[in-house]
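Asker: A predicted structure for the sequence below; I have some questions about it.
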Amino acid sequence: MTRLLAELQTTVLARAIRMFDGDLDRVTIFAVIARDTYPFDTREGLAPTVSAHSLAMSLSRPYETVRRHVHALVDAGWCARGADGVHANHAEIQSPDLTEFLTLVHDAAVRFVADMARAGVPMPEVGTVRPYHHAAGVQAAIDLMLAVLDTNRRVHADWLELVLFSTIYAANSRLLNADRELAWHYADGRKVPPMHLRQPVRTSNVARALGLPEATVRRRLVRLLEDGRVERVGKKLLASEAWLNRPEAIETSTRSFGTVRLLIARLGVNGFPLHDPARAYLAGRPEPVPFD
């Protein structure tokens, strides 16, 4: 699950960070606003709004920081003001560029569920379901990424450090993900994949994949290397399996799994074909983000 969540996050953020000029905070704040205030379908009427105060509380971020980003999102046209806060700008979300991006977000969530099922994770049983609309898949992808952010607060106190760790882990797992039988063999967490199946990645490739300045990535990697979350293998980087097996990290993964199961169940209630996830793709299975 950790590998697949890392791949989901990397796929989405590799595009989103570029769209928001390298500002991860702004990406996250806009994602919450979009999830809470835009239905993504054809329903008309006044959009609900969300206040900067509620955004700050839900994201555990300083109010002034959130307010500054909200103003910038409004000024850039991503959001519009309402009576009691802001909402995602309907015209902007319906633009061709953002429609293409939301299709990618949706299909990355479909890939995640399909690969979880392929790994042998039982899909939740749901009762009466609604007709499926891809809006539910987009919102599920946002919720999955926010759940990772929330459950990892203790072990990754900084957003960008979490993103860098996940991106490195996604790159390290690429050989495992390419050979699905090997990936499932090591999926139970009781075995550490041998080194030849874990692919170290260069700092420059991590920066390029995410669209971030290499100097920024190198500066933020210092803490990950100091506390052992990431190890150096020559001039390349490897997420530490020893760190991932620390009690705190295992507890975080356990909480994440419970949350993920709930989100998948909710997706099923919204009509997602849990027992044949590939039916839900809009544009097809997304290709992994390249690291070379």
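Answerer: Looks like it came in fine. Numbering: from 1, shown residues only.
Asker: what ranges do the helices span in the protein?
Answerer: Secondary structure of the chain (DSSP state H): helices located at 2-19, 24-37, 52-59, 63-75, 90-93, 96-118, 134-151, 159-172, 174-178, 180-185, 203-210, 214-226, 241-244, 247-269.
Asker: and those helices, which is most packed in?
Answerer: Among these, the stretch with the highest mean neighbour count (mean count of other CB atoms under 10 Å) is helix 159-172, at a mean of 24. Bear in mind the C-beta positions are built from the backbone N, C-alpha and C, glycine included.
Asker: what about Leu73, distance to Phe20?
Answerer: With the distance defined as CB to CB, to the nearest Å, Leu73 ends up 9 Å from Phe20.
Asker: what residues are shared contacts of the two?
Answerer: When contacts are counted by CB atoms under 8 Å, 6 or more residues apart in numbering, Leu73 and Phe20 are jointly contacted by 26, 30.
Asker: show me the shaky parts of the stretch 101-250 of the chain.
Answerer: Low-confidence segments of the stretch 101-250 of the chain, defined by pLDDT under 70: 175-196.
Asker: the same query, at a cut-off of 90, please.
Answerer: 118-121, 124-131, 135, 148-159, 173-198, 241, 249 (pLDDT under 90).
Asker: spatially nearest residue to Leu263 (excluding sequence neighbours)?
Answerer: What sits nearest to Leu263 in space, not counting adjacent residues and going by CB to CB, 6 or more residues apart in numbering, is Asp143, at 5.3 Å.
Asker: the one you found reaches Ala34, doesn't it?
Answerer: No - under the contact definition of CB atoms under 8 Å, Asp143 does not touch Ala34, with a separation of 11.6 Å.
Asker: before we move on, back to that, save the helices of the chain as JSON lines, and put in distance to Pro124 too.
Answerer: Compiled in JSON lines, the helices of the chain are given as follows (distance: least, CB to CB, whole Å):
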{"stretch": "helix 2-19", "distance to Pro124": "17"}
{"stretch": "helix 24-37", "distance to Pro124": "21"}
{"stretch": "helix 52-59", "distance to Pro124": "25"}
{"stretch": "helix 63-75", "distance to Pro124": "33"}
{"stretch": "helix 90-93", "distance to Pro124": "29"}
{"stretch": "helix 96-118", "distance to Pro124": "11"}
{"stretch": "helix 134-151", "distance to Pro124": "13"}
{"stretch": "helix 159-172", "distance to Pro124": "25"}
{"stretch": "helix 174-178", "distance to Pro124": "24"}
{"stretch": "helix 180-185", "distance to Pro124": "20"}
{"stretch": "helix 203-210", "distance to Pro124": "32"}
{"stretch": "helix 214-226", "distance to Pro124": "34"}
{"stretch": "helix 241-244", "distance to Pro124": "26"}
{"stretch": "helix 247-269", "distance to Pro124": "4"}
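Asker: quick one: closest of those to Gly82.
Answerer: For the helices of the chain, the distance to Gly82 is smallest for helix 24-37, at 8.2 Å, taking CB to CB.
Asker: other SSEs contacting that closest one?
Answerer: Other elements packing on helix 24-37 under the criterion 3 or more CB pairs under 8 Å, 6 or more residues apart in numbering; DSSP states H and E are helix 2-19, helix 52-59, helix 63-75, strand 86-88, helix 134-151, helix 159-172.
Asker: out of those, nearest to Ala114?
Answerer: Nearest to Ala114 among the helices and strands packed on helix 24-37 is helix 2-19; the distance by CB to CB comes to 9.6 Å.
Asker: about what we covered before: the residue nearest to Leu263 and Arg26: what is the separation?
Answerer: When distance is defined by CB to CB, Asp143 is 19 Å away from Arg26.
Asker: what of Asp150?
Answerer: Using CB to CB, one gets 18 Å for the distance from Asp150 to Arg26.
Asker: distance of Asn152 from Val121?
Answerer: Summarising the geometry, the distance separating Asn152 from Val121, computed by CB to CB, is 20 Å.
Asker: okay, these two: which has more neighbours?
Answerer: Asn152 (20 against 17; other CB atoms under 10 Å).
Asker: taking the chain centroid, which residue in the chain is the extreme one?
Answerer: Ala83 (30.4 Å; CA atoms, centre = their mean).
Asker: count of neighbours near the residue nearest to that residue when sequence neighbours are not counted?
Answerer: Counting by CB to CB, 6+ apart, the nearest residue to Ala83 once its immediate chain neighbours are dropped is Thr49, at 6.6 Å. Using other CB under 10 Å as the criterion, Thr49 is surrounded by 19 other residues.
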